[in-house]
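> pasting a predicted model and its sequence here:
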Amino acid sequence: MSTLFNGASNIAQYGALAALDDEGLAEMRQTVGYYMENARIIKEGLAGLGLNSYGGVNSPYVWAEFPGRRSWDVFT
């Protein structure tokens, strides 16, 4: 056995290296920017409905409060 079978595969390692070069970092920043814009739109929409929300500033995740409603009801 060699170390090729331990840890991440060679193709995964090359992919990780590509993601860290200038072009890869630019693509990741563009993708993160896309999701951050979605979070901004969601927070704005929730605020327009008078609902409190959290997050969406330093990460693309948004949590919202729906007072008096069960989570499954909101989901539906």
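Perfect, thanks for sending it.

> show me the biggest helix of the chain in terms of residues.
The residue-count maximum for a helix in the chain (DSSP state H) belongs to helix 22-48.

> give the pairing partners of the following helix or strand past it; include direction for each.
Note on helix 22-48: by DSSP states H and E, the next helix or strand toward the C-terminus is strand 53-55. Counting by DSSP bridges, the strands paired with strand 53-55 are strand 62-64 (antiparallel).

> in the partner strand, which residues are buried?
Within strand 62-64, the residues scored as buried using 16 or more other Cβ atoms under 10 Å are 62, 64. For every residue, glycine as well, the C-beta is placed using N, CA and C.

> centroid-nearest residue for this structure?
residue 60 (4.7 Å; Cα atoms, centre = their mean).

> that residue contacts residue 36, doesn't it?
Yes - Residue 60 lies in contact with residue 36 (Cβ atoms under 8 Å); the separation is 5.5 Å.

> quick one: end-to-end length of stretch 18-26, please.
One end of stretch 18-26 sits 11 Å from the other (Cα to Cα, to the nearest Å).

> contacts for it next, please.
27-28 (Cβ atoms under 8 Å, 6 or more residues apart in numbering).

> per-residue pLDDT, the residue nearest to the centre of the chain?
Note for residue 60: predicted pLDDT of 93.

> could you list the low-confidence segments of the chain?
1-5 (pLDDT under 70).

> and residue 20, how far is that from residue 72?
Residue 20 sits at a distance of 41 Å from residue 72 (criterion: Cβ to Cβ, to the nearest Å).

> those two: who's more crowded?
Just comparing residue 20 and residue 72: by other Cβ atoms under 10 Å the higher neighbour count belongs to residue 20, 10 against 7.
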